[in-house]
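A.B. asks: Build me a model from this:
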Amino acid sequence: MLKYQQFGGMVIKLKKINHKILLSYLIVLLITFVIVFISFSQIMKAYIEKEIKEDLNITAVKVLNDIKASGIDNFNIDRANKVKLVKEMRLIGRYFNSKIVVLNNRDRIIYKDDELIKNISDLINIYEDENIIFIRKKIISNKKEIGSFVVYSYLDNIKIIKKTINRNLIISFLFSSLIAIAFSNLFKKKISKPLIDLRDNIKKYDFNKENKKLEIKSNDEIGDLAESFNEMIQKLDEYSNKNKKFFQNASHELKSPLMSIQGYAEAIKEGVVNEDEVEESLDIIIEESKNLKELVNSMIMLTKFDDSKEKFVFEERLIFSVIEDVLNRYKLLINEKNIEIKTDIDKGIMLKYDYKKLYTAISNIISNSLRYTKDIINIKIYKDNLNVFIEITDNGDGIDTEIIDHIFDRFIKGKNGKSGIGLSLSKAIVEAHNGNISVVNTEEMGAKFLIVLLIT
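C.D. replies: A predicted model of the protein is given here:
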């Protein structure tokens, strides 16, 4: 998709990052050019005006001295000295490159060296012209004003200098623009190529294939982006492999009870099962259906945990009530297997938790202990200042060392395990309570599960 950059009244179509870099350079150059142009013009104008004023002051002093030296007392009658004065004024005007106009006390022009000045009205226009700098002085003789003079200079030099500066600045701007274009092309490979490689790798990514890491050696943000991309690829690959394994294991676990249900149902339908075995076959179908339902519900709940869609209802209540209800659930099984339940429970411990979820987690652990224990299960509940601890220990043969580190992974189960989902679900529930769960083999070769829940 093409990007568009608005600049002033123009809309510029940008497709590549080096175009954006080039445009940025040009904008910076243009702004710099405008600032330098305005600043330099004002500075040069002020400087030249200052120099001209200093020259005019010097000229004015020279004019006054020459008039005093000429001995003129009255411009209206002293013609001989006036001619001498005219010669002096011409020399002064040429030497100082300024214009001089001398007037008598009746504002009549006695001397002028500017052809543009025809009469007194032209001289008045000089006072109002912004392109002219002037100095006007009175001429005093014998304490009487006998006239005045004006020395002035046109600012044509400033215009010439400004044009020269403008021309040089424009040339500099064009030259800098060419350099910017050259640098843009120079940086194109260094900046654009890694991003193009990153884009191509994203397009090539495939969940069903092994994806290669992006190798970009750069110690800047592009390198960080490449590293983040590689981390993302790794996580996506792990997630993909995890999902594949999950569905493979799930299909295997679902297949067994379904085949059992189908086999017994077909046997009953075809009359293969004797009448006295029908009830037993139906019990097996019902039991397998329950197992299948429990497995599906557990898988659905795990999927919700993965998607963070499972809702929790936290309530303040006694923690021992969960253990009590779970033990009541398995009361018949406990009596049937003649298992002794030993408890050391602080019944006054209150905790904020989701009863149904924690019931499921503890039920799965106790069910696992009932399956593997010989004849004793120990249950302890205690706390410290920060945490509540729930220990469930059996006196069975313990967990195989090959799988103990992965016992909470999905579909990992022992020799007599059911689906391998229960302990995974327990871990997800406990962690959702900001707690953690672990298991170790005791010295008596039994398995001890420890749940640690934070007191909020």
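A.B. asks: List the buried residues for the helix or strand where I126 lies?
C.D. replies: Using DSSP states H and E, I126 falls within helix 120-128. Using 16 or more other C-beta atoms under 10 Å as the test for burial, helix 120-128 gives L123, I126. C-beta: built from backbone N, CA, C; applies to glycine.
A.B. asks: on contacts alone, who are the packing partners of it?
C.D. replies: strand 99-104, strand 132-141, strand 144-154 (3 or more C-beta pairs under 8 Å, 6 or more residues apart in numbering; DSSP states H and E).
A.B. asks: can you list contacts of that helix?
C.D. replies: Contacts with helix 120-128, where a contact means C-beta atoms under 8 Å, 6 or more residues apart in numbering, come from V101, L103, D107, R108, I109, L116, I117, I132, F134, V150, Y152.
A.B. asks: Distance from it to the middle of the chain?
C.D. replies: 66 Å (C-alpha atoms, centre = their mean, to the nearest Å).
A.B. asks: Reformat the helices and strands packed on helix 120-128 as a markdown table; add mean pLDDT.
C.D. replies: Shown next, in a markdown table, are those (pLDDT from 0 to 100):
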| stretch | mean pLDDT |
| --- | --- |
| strand 99-104 | 82 |
| strand 132-141 | 84 |
| strand 144-154 | 83 |
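A.B. asks: Give me whichever of these is most buried.
C.D. replies: Among these, ranked by average contacts under mean count of other C-beta atoms under 10 Å, first place goes to strand 99-104 (a mean of 22).
A.B. asks: how far off strand 132-141 does that one point, in degrees?
C.D. replies: For strand 99-104 against strand 132-141, the angle by axes from the mean of the first three to the mean of the last three C-alpha atoms, to 10 degrees is 40 degrees.
A.B. asks: Quick check: buried residues in the one helix or strand K342 maps to?
C.D. replies: Element membership of K342, judged by DSSP H and E, is strand 340-345. Burial within strand 340-345, assessed by neighbour count using 16+ other C-beta under 10 Å, is assigned to I341.
A.B. asks: Next: stretch 366-385.
C.D. replies: Buried residues in stretch 366-385, counted by 16+ other C-beta under 10 Å: 366-370, 372-373, 376-381, 383.
A.B. asks: Stretch 46-56 now?
C.D. replies: Counting neighbours by 16+ other C-beta under 10 Å, stretch 46-56 gives I48, I52, D55, L56 as buried.
A.B. asks: ok, now stretch 328-335?
C.D. replies: Buried residues in stretch 328-335, counted by 16+ other C-beta under 10 Å: Y330, I334.
A.B. asks: just checking, D114 is part of a helix?
C.D. replies: No - assignment of D114 by DSSP: H, G, I helix; E, B strand; the rest coil gives coil, placing it outside any helix.
A.B. asks: pLDDT at it, what is it?
C.D. replies: On pLDDT, D114 comes in at 79.
A.B. asks: how much space between the residue nearest to it when sequence neighbours are not counted and D107?
C.D. replies: Computed as C-beta to C-beta, 6 or more residues apart in numbering, the closest residue to D114 that is not its neighbour in sequence is K99, at 4.5 Å. Per C-beta to C-beta, to the nearest Å, K99 is found 17 Å from D107.
A.B. asks: The residue nearest to D114 contacts I133, doesn't it?
C.D. replies: No - the pair K99 / I133 is not scored as a contact, 10.7 Å apart, by C-beta atoms under 8 Å.
A.B. asks: list residues touching both of the two?
C.D. replies: Y152, S153.
A.B. asks: Can you give me the neighbour number for A428?
C.D. replies: Per other C-beta atoms under 10 Å, the neighbour tally for A428 reads 21.
A.B. asks: got a list of what it touches?
C.D. replies: M301, L302, F305.
A.B. asks: V452 - that's part of a strand, no?
C.D. replies: Yes - counting by three-state DSSP, one finds V452 located in a strand.
A.B. asks: which residues touch it?
C.D. replies: By C-beta under 8 Å, 6+ apart, the contact list for V452 reads N387, V388, F389, I390, G435, N436, I437.
A.B. asks: thought N364 was touching G422?
C.D. replies: Yes - proximity of N364 to G422 meets the contact threshold set by C-beta under 8 Å, at 3.6 Å.
A.B. asks: Please determine how far L64 is located from I110.
C.D. replies: For L64, the distance to I110 equals 15 Å [C-beta to C-beta].
A.B. asks: now the nearest residue in space to F314 that is not next to it in sequence: how far from L453?
C.D. replies: Leaving aside its sequence neighbours, F314 sits nearest to K352 (C-beta to C-beta, 6+ apart; 5.0 Å). Taking C-beta to C-beta as the measure, K352 falls 9 Å from L453.
A.B. asks: Compare neighbour counts for the two and give me the winner.
C.D. replies: Taking other C-beta under 10 Å, K352 and L453 do not tie; L453 has more neighbours (22 against 13).
A.B. asks: May I ask which helix or strand of the protein has the lowest mean pLDDT?
C.D. replies: Every helix and strand in the chain was compared by mean pLDDT, DSSP states H and E; the lowest is strand 10-14, with a mean of 42.
A.B. asks: Can you name the next helix or strand after it?
C.D. replies: Taking DSSP H and E, what comes next after strand 10-14 is helix 17-70.
A.B. asks: Show me what that following helix is packed up against.
C.D. replies: Applying 3+ C-beta pairs under 8 Å, 6+ apart, we find helix 17-70 packed against strand 3-7, strand 10-14, helix 79-96, strand 99-104, strand 132-141, strand 144-154, helix 156-187.
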